[in-house]
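In: return a 3D structure for these sequence lines:
(chains A and B)
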Number of protein chains: 2
Amino acid sequence: MQMIEGGVCAPKGFRAAGIHCGIRPNTTKNDLALIVSDVPCTAAGVYTKNKVKGAPILQTKANIANGTAQGVICNSGNANTCNADGMEIAQKMCEIAAKSTGLQPEDFIVGSTGVIGQPLSTEPMAKAMPQLAQSLSYTGSDEAAKAIMTTDTVKKEYAVAFELDGVPCKMGAIAKGSGMIHPNMATMLCFITTDAAISPEMLQKALSEDVPHSFNMVSVDRDTSTNDTVTIMANGMAGNKIISRDGTAYRTFAAALHVLTVALSRGIAKDGEGASKLMECKVTGAPDQETARVVAKSVITSNLFKCAVFGEDANWGRVLCAIGYAEAEFDITKVDVALASAKGTLPVCKGGSGIEFSEEFAKVVLGEDEIQILVELNQGAGEAVAWGCDLTYDYVKINGDYRS
Amino acid sequence: MQMIEGGVCAPKGFRAAGIHCGIRPNTTKNDLALIVSDVPCTAAGVYTKNKVKGAPILQTKANIANGTAQGVICNSGNANTCNADGMEIAQKMCEIAAKSTGLQPEDFIVGSTGVIGQPLSTEPMAKAMPQLAQSLSYTGSDEAAKAIMTTDTVKKEYAVAFELDGVPCKMGAIAKGSGMIHPNMATMLCFITTDAAISPEMLQKALSEDVPHSFNMVSVDRDTSTNDTVTIMANGMAGNKIISRDGTAYRTFAAALHVLTVALSRGIAKDGEGASKLMECKVTGAPDQETARVVAKSVITSNLFKCAVFGEDANWGRVLCAIGYAEAEFDITKVDVALASAKGTLPVCKGGSGIEFSEEFAKVVLGEDEIQILVELNQGAGEAVAWGCDLTYDYVKINGDYRS
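Out: Modelled structure (predicted):
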């Protein structure tokens, strides 16, 4: 299994494109993405648990209820959420995409990301669609990845190659992240493609079982978005024997998916709004996995500790505090904590109490741009990893005036 | 019932003082507070639910287990938490205070606030105590209030006058807030005094029933502190008939307590670390009170909306988003939202969808330093109010390098 280039176009038979259609008037950045498979795909999705759900989510759920899809249409610059006519807009987007690609409206997964509750006109999309469809290419992942970015500073585009029963398969994805990132059952927009053959049931199972350990362990600001969506389309063009039950091939597929989703999760966290550092909290020795998850997320969501990481200050008391208010049952007096980076590991707390450490070495460790917080609970075998980022001046700046 | 001056010294028979003893070396600000009643008091307390509990909390719980206390000793600059010898230090602080005041160590409520997990020497406290005890005065609340401040920019000191069975009574308090403020069953340090006569059981009941609707509705940064403590001492010197059961007098006492705790809660929120604006979220029309509480807290803790308030941006989609991920059951399509301040009220959302509003008037409303978010769920009679503050550059600055 290895990471490869090509994003959503790495698997066979997927074309993609992106264009600036004008939803965001004050820029020439891409704001409309299109992905199409040459053949119909099995499809699965997971979505936000926020009670406020973007209209595109409701439309996508309806469209892939039969376990199939063949394309993705997604705009940035407007979330099409809390609009009275949101469902009509989402439906219209599918119709526009269908018209220029020769597919049916219900073949489309539809996504929107940007400001909530602003009117959205489909006119610019209708106007740009013929050109967008024409520019679909087997190397177009890059343009599509750029078209779903909002405050993202780097595109999130990954792909992985693996084998199923000796047959080479590929899986690719694009995602957007940055702000309003505290996924619950899904993350901000992520579109995954694969040429592996797999039944809709096993595809949904693979996605649903992966998300709690990948995207749902990411948090930028504890704000669970209204539009969180992860979808996967499998077109079967790799030619492997179709996966229709648990077994070696399914587990290989699930492992490939996890490699991809962890790369995406880290990418989203590291490019969190205003972030200067990736924070990765590894919890081990928990009474059970759920406890490990809760503790890891508590640490990477603490505003106070996130500020300390920004300031490169080894204020480990804030880690203990965040472990202490995590909603789980365990013995706090057994907890060891260390801070680590490529420069080394710095134990800061043993059995719930502080231990002496070199402030000089702490500065060296925390000077890196990827910081690990290692939490050993010493009371079981439960483990989990969560990803977040520091809280910086730029987060406040970006979100103090996002709409204008 | 009316607000009066005098803080913890407003009630009869309470003296207070504050001094710089040197726990914080780089400043001459007060860092040690002492409060003493002329006669023994009934006492009650509520404390943090964080699993990491400051040693002073454990000591205080033990000392007032019998329902009585006569004084408070509290330092700032060091939280005496996650120290292996924390309990010895807390005990020693009580002994030092007892020695200079002629009381017993177990007569003291003890508190500490500041950095977690740093060694704390009691020597500076022992040295300064004779002078501190000598300076105890019936007008010393101000000095004590200053001595428990950390990153607070203003002291929190309030008092209220009320009558019980025709007898004039008073109640006063000092508190510290600012950072690591997301109280769970209590807030950061708050010491309340009253000259009303009330049994320990009714005093504890009054405090325990009040806190969920006052301090527990405050959040600055979602970080539940390890040292949250609210205590109340009642010395009975007002001469009212002792309150020993529910009834008119008890309800008057509870009402006075609530006036005081709401003033403190607003004061703590408004002086949140780096805050430029107080946010007050009023939720009405909820299916029940608990739902109203959860929704109100969700709104005032959203980092994204807190940034928007800082930027005076009427980004109400973030309010809807925060209402939507609140962990409660209700119908989001019935929700109305308005933003308000002394300058007027601006409806922004009706039935879960946006409505047109004047951006110009929005700027006027949001230009004030106290902002209300009015959420009408339209599905019951449950109500709640929560207090928070905006998220600013200064919050990041203060917490990027708190220890140095």
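In: rest of the way, CA atoms for contacts and neighbours
Out: Noted.
In: buried stuff in the longest helix that chain A contains?
Out: Under DSSP state H, the helix in chain A containing the largest number of residues is helix A:248-270. For helix A:248-270, burial by neighbour count (16 or more other Cα atoms under 10 Å in any protein chain shown) applies to A:249-250, A:252-270.
In: same thing with stretch A:163-172?
Out: A:E163, A:L164, A:P168, A:C169, A:K170, A:M171, A:G172.
In: excluding chain neighbours, what is closest to A:K343?
Out: Closest residue to A:K343 apart from its sequence neighbours, by Cα to Cα, 6 or more residues apart in numbering or on different chains: A:V365 at 5.3 Å.
In: list the residues that contact that neighbour.
Out: Contacts were defined as Cα atoms under 8 Å, 6 or more residues apart in numbering or on different chains; by that measure A:V365 touches A:L339, A:A340, A:S341, A:A342, A:K343, A:G344, A:T345, A:L346, A:I371.
In: what's the separation between the closest residue to A:I19 other than its chain neighbours and chain B?
Out: Beyond its immediate neighbours in the sequence, the residue positioned closest to A:I19 (Cα to Cα, 6+ apart) is A:N30, lying 4.7 Å away. For A:N30, the distance to chain B under the criterion Cα to the nearest Cα, to the nearest Å works out to 23 Å.
In: A:V8 now?
Out: Taking Cα to the nearest Cα, one finds A:V8 at 30 Å from chain B.
In: the residue nearest to that residue when sequence neighbours are not counted bridge partners, please.
Out: For A:V8, ignoring the flanking residues on the chain, the nearest one in space by Cα to Cα, 6+ apart is A:G172 at 4.3 Å. Following DSSP bridges, A:G172 is listed with bridge partners A:A159, A:T193.
In: thought A:Y158 was touching A:G172, still the case?
Out: Yes - shown here, A:G172 and A:Y158 form a contact pair, counting by Cα atoms under 8 Å, at 5.7 Å.
In: what do these two both touch?
Out: Taking Cα under 8 Å, 6+ apart as the contact rule, A:G172 and A:Y158 both touch A:G6, A:G7, A:V8, A:L260.
In: dump the residues you listed to JSON lines, plus pLDDT.
Out: Listed next are the shared contacts of A:G172 and A:Y158 as JSON lines, based on pLDDT from 0 to 100:
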{"residue": "A:G6", "pLDDT": "95"}
{"residue": "A:G7", "pLDDT": "94"}
{"residue": "A:V8", "pLDDT": "95"}
{"residue": "A:L260", "pLDDT": "90"}
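In: of the residues you listed, which is the most crowded?
Out: Neighbour count (other Cα atoms under 10 Å in any protein chain shown) singles out A:V8 as the most crowded of those, with 33 neighbours.
In: show me the helices in the stretch 201-350 of chain A, by range?
Out: Taking DSSP state H, counting those that start in this stretch as the criterion, the stretch 201-350 of chain A carries its helices at A:248-270, A:289-301, A:303-310, A:317-324.
In: please convert those to JSON lines, extending it with distance to chain B.
Out: Shown next, in JSON lines, are these (distance: least, Cα to the nearest Cα, whole Å):
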{"stretch": "helix A:248-270", "distance to chain B": "16"}
{"stretch": "helix A:289-301", "distance to chain B": "9"}
{"stretch": "helix A:303-310", "distance to chain B": "5"}
{"stretch": "helix A:317-324", "distance to chain B": "4"}
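In: ok, A:G236 to A:I64 distance?
Out: With the distance defined as Cα to Cα, to the nearest Å, A:G236 ends up 17 Å from A:I64.
In: which one of the two has more residues nearby?
Out: A:G236 (24 against 21).
In: can you give me the domain boundaries for chain A?
Out: Domain assignment for chain A by automatic domain parsing gives A:2-270, A:278-400.
In: hey, least reliable of these by pLDDT?
Out: Per-segment confidence across the domains of chain A bottoms out at domain A:2-270, which has a mean of 90 in mean pLDDT.
In: okay, the helices of the stretch 201-350 of chain A in TSV with distance to B:S37 next?
Out: Output for the helices of the stretch 201-350 of chain A, formatted as TSV (distance: least, Cα to Cα, whole Å):
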stretch	distance to B:S37
helix A:248-270	53
helix A:289-301	41
helix A:303-310	37
helix A:317-324	33
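In: for chain B, what's its nearest residue on the stretch 101-250 of chain A.
Out: Minimum separation of the stretch 101-250 of chain A from chain B (Cα to the nearest Cα) falls at A:I116, amounting to 4.9 Å.
In: quick one: that residue from B:V385, how far?
Out: When distance is defined by Cα to Cα, A:I116 is 25 Å away from B:V385.
In: now do A:T392
Out: If you go by Cα to Cα, the gap between A:T392 and B:V385 works out to 29 Å.
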